[in-house]
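In: I'll drop the sequence and a predicted model, then ask my questions.
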Amino acid sequence: MSYVLDKPNIPVFAASFVVLTVFFYPWPGRKLDHIPAVGYKSHFLSFIGGFQFLYKAHELIQKGCDQFGEGVFKIPTFARWKVIVHGEKYIEEIRKAPENVLSFHEAVNEQLQVQFTLGPTIATNPYHIPIVRTSMTRSIPSFFPGLHDEVATVFKAKLPLADDKWIKVKSLETMMAVVSRASNYAFVGSPLCRNEEYLNHTVDYTVKVAMASSIMQLFPRSFRPMLSNLFGFEKLIDRGIQYLEPLIEERRQALKEHGQDYQGKPNDMLSWLMDEANEEEASTRLLTRRMLTVNMAAIHTSSMTFTQVLFDLAAHPEYVMELRAEVEPIIEREGWTYEALSQMIKVDSFIKESQRLNAIGCIIMERVTQQPFVFSDGTILPTGTFLSVAAQATHTSPKNYKDPHTFRPFRYAEKREQTARKVDIVSTHSDFVAFGHGVHACPGRFFAANELKLMLAHVLMEYDVKLPEGKGRPENKWYMTACVPDPEAEVLFRKRII
């Protein structure tokens with residue numbers, strides 16, 4: 001996997017960063033003085049808090065939740081004060097606020113630096129989102145059993161097992177490859193979803209976007225176009241065109257010859273994008289940019305989530321028999337189908353419990369106020385305020401969960417028998433916000449959930465897994481608010497011994 005600089009000069013970069021930060025740091029204004037702060041409260045010392053945010057943001061946010069309880073507080077970042085919200089009442093008030101009051105899209109554009117990483121048209125015309133929410137979700141049943149064939153094939157390729165020998169693999173790297181292939185079966189179909197160079201490119205693009213957006217947020221806005229050029233995003237688009245242009249041209253020709261609804265028309269993301277794109281968006285370059293954007297969203301979240309699931313499975317072998325006892329009779333009865341996955345209650349619960357304790361970040365539901373916003377307790381957020389929900393604190397609150405820090409894989413399976421509300425992995429609630437909550441909850445969570453369940457069921461049926469001898473579950477890595485499974489951590493696989 002390539003990176004921007006093969007041998008970066010770390011001392012020079014660090015010194016430049018400090019100088020730029022001192023001279024260009026956007027010292028927080030006083031418009032949020034009425035909101036309590038975690039750590040240094042003075043505007044000058046908030047600079048120190050900005051540094052602390054880089055490596056222990058999750059600790060600062062948890063400290064704020066412990067100190068102030070359910071309510072509103074703020075923490076300093078390099079760019080601004082960030083308001084953190086904790087508690088069911090406040091989460092519901094954010095959920096109910098319309099986009100023209102609390103903007104989700106503006107928050108995402110800032111978080112991912114969309115204008116510079118994914119491109120300005122992605123920021124101004126996110127037409128792929130309703131496609132993911134509708135066409136893709138409706139088509140999930142039709143992807144089976146082909147999706148399982150791709151998952152089975154890529155696992156076999158990445159795990160060259162012989163007899164009953166164990167092999168060791170880097171978990172995150174391997175799962176990114178699996179997720180990329182499975183997702184692209186639904187995005188572009190075969191044979192492109194099996195092209196290793198194309199799949200490696202989608203992963204490379206995903207890594208670069210995540211890296212670049214995190215770095216850009218540390219610098220003043222005037223420096224961000226230059227940084228974007230250093231990451232070479234336009235060259236990444238050029239390379240993506242090499243893989244996608246022949247397929248796009250083939251489909252354009254079929255549309256020209258046979259009409260919009262021709263027999264045998266592929267039912268995948270590329271077709272849906274081509275159907276919905278306006279004249280400008282229909283260019284090969286912008287379709288390629290859109291396809292790489294969809295890949296980034298799918299690969300980034302699902303690969304990290306399943307890596308965490310794999311760590312939990314390897315760390316808790318005592319639950320494997322119970323999971324297999326659920327999966328095996330369902331597969332025998334239903335085959336590898338959408339209906340089969342919908343019956344895997346314990347598999348669903350296992351993944352959701354892993355996600356509860358290892359969400360991809362300690363904050364969620366990020367918003368930017370478009371006008372003054374007043375919470376029911378009277379707290380006023382002026383226009384331009386960035387706010388987020390404390391996800392990690394929500395998921396480990398004793399008010400929401402019994403033994404909140406304990407991994408109980410069948411917690412949600414048991415909860416189905418105790419409550420009338422839905423508690424499966426795709427159902428959002430103020431006590432589970434890993435996918436967000438409300439109208440802006442992740443639109444791809446339905447596909448992602450089925451993909452994750454399919455992968456876990458396949459692993460259970462085909463492999464035994466364990467952690468390296470003498471090692472416990474790998475610790476998570478934190479980068480600002482992002483929670484990342486240890487990219488160097490390994491898991492051992494062997495063919496399942498029955």
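Out: Received the coordinates, thanks.
In: enumerate every residue touching residue 425.
Out: 348, 351, 352, 355, 412, 445, 449, 452, 453 (Cβ atoms under 8 Å, 6 or more residues apart in numbering). Every C-beta, even on glycine, is put in place using the N, C-alpha and C of the backbone.
In: farthest-apart pair in the residues you listed, please.
Out: Pairwise distances across the contacts of residue 425 peak at 14.9 Å for 412 and 445 (criterion: Cβ to Cβ).
In: alpha carbons only: can I get stretch 266-273 in PDB?
Out: Taking C-alpha atoms only, stretch 266-273 is exported to PDB below (Å, rounded to 0.1, in the frame of the first residue of the first chain):
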ATOM      1  CA  PRO A 266     -26.600  -5.000 -14.000                       C
ATOM      2  CA  ASN A 267     -28.300  -4.300 -10.700                       C
ATOM      3  CA  ASP A 268     -25.400  -2.600  -8.900                       C
ATOM      4  CA  MET A 269     -24.200   0.800  -7.600                       C
ATOM      5  CA  LEU A 270     -22.500   1.800 -10.800                       C
ATOM      6  CA  SER A 271     -25.800   1.300 -12.800                       C
ATOM      7  CA  TRP A 272     -27.800   3.300 -10.200                       C
ATOM      8  CA  LEU A 273     -25.300   6.100 -10.300                       C
END
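In: so for that stretch, mean pLDDT?
Out: Per-residue pLDDT over stretch 266-273 has a mean of 94.
In: now do stretch 199-216
Out: Here the average pLDDT along stretch 199-216 is 88.
In: likewise stretch 71-89?
Out: Mean predicted confidence for stretch 71-89 is 90.
In: thinking again about what came up before, for residue 256, state which of the contacts of residue 425 is nearest.
Out: For those, the nearest to residue 256 is residue 445 (35.9 Å; Cβ to Cβ).
In: that closest one contacts residue 433, correct?
Out: No - using Cβ atoms under 8 Å, residue 445 is not in contact with residue 433, being 11.8 Å away.
In: if we ignore the residues flanking it in sequence, what's nearest residue 437?
Out: Closest residue to residue 437 apart from its sequence neighbours, by Cβ to Cβ, 6 or more residues apart in numbering: residue 428 at 4.3 Å.
In: look up how far residue 422 lies from the one you found.
Out: As for residue 428, its distance to residue 422 is 9 Å (criterion: Cβ to Cβ, to the nearest Å).
In: more neighbours, the two?
Out: Set residue 428 next to residue 422 and count neighbours by other Cβ atoms under 10 Å: residue 428 wins out with 19 against 11.
In: hmm, that one is touching residue 436, no?
Out: Yes - contact criterion Cβ under 8 Å: residue 428 and residue 436 qualify, at 6.5 Å.
In: now do the shared contacts for these two.
Out: Common neighbours of residue 428 and residue 436 (Cβ under 8 Å, 6+ apart) do not exist.
In: sorry, back to before: so what's the residue nearest to residue 437 up against?
Out: Here residue 428 is in contact with 435, 436, 437, 438, 441 (criterion: Cβ under 8 Å, 6+ apart).
In: for burial, what's the neighbour tally of the third one?
Out: Counted with other Cβ under 10 Å, the burial measure for residue 437 works out to 22 neighbours.
In: using TSV, please lay out the contacts of residue 428 together with pLDDT.
Out: Formatted as TSV, those follow (pLDDT from 0 to 100):
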residue	pLDDT
435	93
436	93
437	94
438	91
441	92
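In: can I get those residues in TSV including distance to residue 264 and secondary structure?
Out: TSV is the format used below for the contacts of residue 428 (distance: Cβ to Cβ, whole Å; DSSP: H, G, I helix; E, B strand; the rest coil):
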residue	distance to residue 264	secondary structure
435	34	coil
436	37	strand
437	40	coil
438	39	coil
441	34	coil
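In: now, the most widely separated pair of those residues?
Out: The widest separation within these (Cβ to Cβ) is 10.4 Å, between 435 and 438.
In: which one's more surrounded, those two?
Out: Taking other Cβ under 10 Å, residue 435 and residue 438 do not tie; residue 435 has more neighbours (22 against 16).
In: please report how far that one lies from residue 220.
Out: Taken as Cβ to Cβ, the span from residue 435 to residue 220 is 33 Å.
In: count of neighbours near residue 229?
Out: 12.
In: helices and strands around the helix or strand containing it, which ones?
Out: Using DSSP states H and E, the element containing residue 229 is helix 224-231. Here helix 224-231 touches helix 114-117, helix 196-216, going by 3 or more Cβ pairs under 8 Å, 6 or more residues apart in numbering; DSSP states H and E.
In: chain center to the strand or helix carrying residue 179: distance?
Out: Per DSSP H and E, residue 179 falls inside helix 171-187. Counting by Cα atoms, centre = their mean, to the nearest Å, helix 171-187 is centred 13 Å from the centre of its parent chain.
In: could I have it exported to CSV, CA atoms only?
Out: Extracted C-alpha coordinates of helix 171-187, given in CSV (Å, rounded to 0.1, in the frame of the first residue of the first chain):
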residue,chain,number,x,y,z
SER,A,171,-6.3,-8.8,10.9
LEU,A,172,-7.1,-5.3,9.7
GLU,A,173,-5.2,-5.6,6.4
THR,A,174,-6.9,-8.9,5.7
MET,A,175,-10.4,-7.7,6.5
MET,A,176,-10.0,-4.6,4.4
ALA,A,177,-9.3,-6.9,1.4
VAL,A,178,-12.4,-9.1,2.2
VAL,A,179,-14.7,-6.1,2.7
SER,A,180,-13.4,-4.4,-0.5
ARG,A,181,-14.2,-7.5,-2.6
ALA,A,182,-17.5,-8.2,-1.0
SER,A,183,-18.6,-4.6,-1.3
ASN,A,184,-17.5,-4.2,-4.9
TYR,A,185,-19.6,-7.3,-5.8
ALA,A,186,-22.6,-5.0,-5.0
PHE,A,187,-20.9,-1.9,-6.5
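In: and the contacts of the helix holding residue 229?
Out: 4, 113, 116, 117, 208, 211, 212, 215, 216, 219.
In: same list, the residues you listed, but as TSV with neighbour count please.
Out: Shown next, in TSV, are those (neighbours: other Cβ atoms under 10 Å):
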residue	neighbour count
4	13
113	21
116	22
117	26
208	20
211	15
212	22
215	16
216	23
219	17
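In: pull the most distant pair out of these.
Out: 208 and 219 (16.5 Å).
In: partners of residue 464 in the sheet?
Out: Counting by DSSP bridges, residue 464 is bridged to residue 494.
In: contacting residues for it?
Out: Counting by Cβ under 8 Å, 6+ apart, residue 464 has contacts 493, 494, 495, 496, 497.
In: which among those residues end up buried?
Out: 493, 494, 496 (16 or more other Cβ atoms under 10 Å).
In: phi and psi next, for the last one.
Out: If I follow you right, that is residue 496. In this entry, residue 496 is assigned phi and psi values of phi -60, psi 130 (degrees, to the nearest 10).
In: how far away is it from residue 462?
Out: Taken as Cβ to Cβ, the span from residue 496 to residue 462 is 6 Å.
In: ok, now residue 225?
Out: On the measure of Cβ to Cβ, residue 225 and residue 462 end up 48 Å apart.
In: neighbour count: these two, which is higher?
Out: residue 462 (15 against 11).
In: who touches that one in this structure?
Out: 152, 155, 495, 496.
In: quickly find the element holding residue 388.
Out: strand 386-390.
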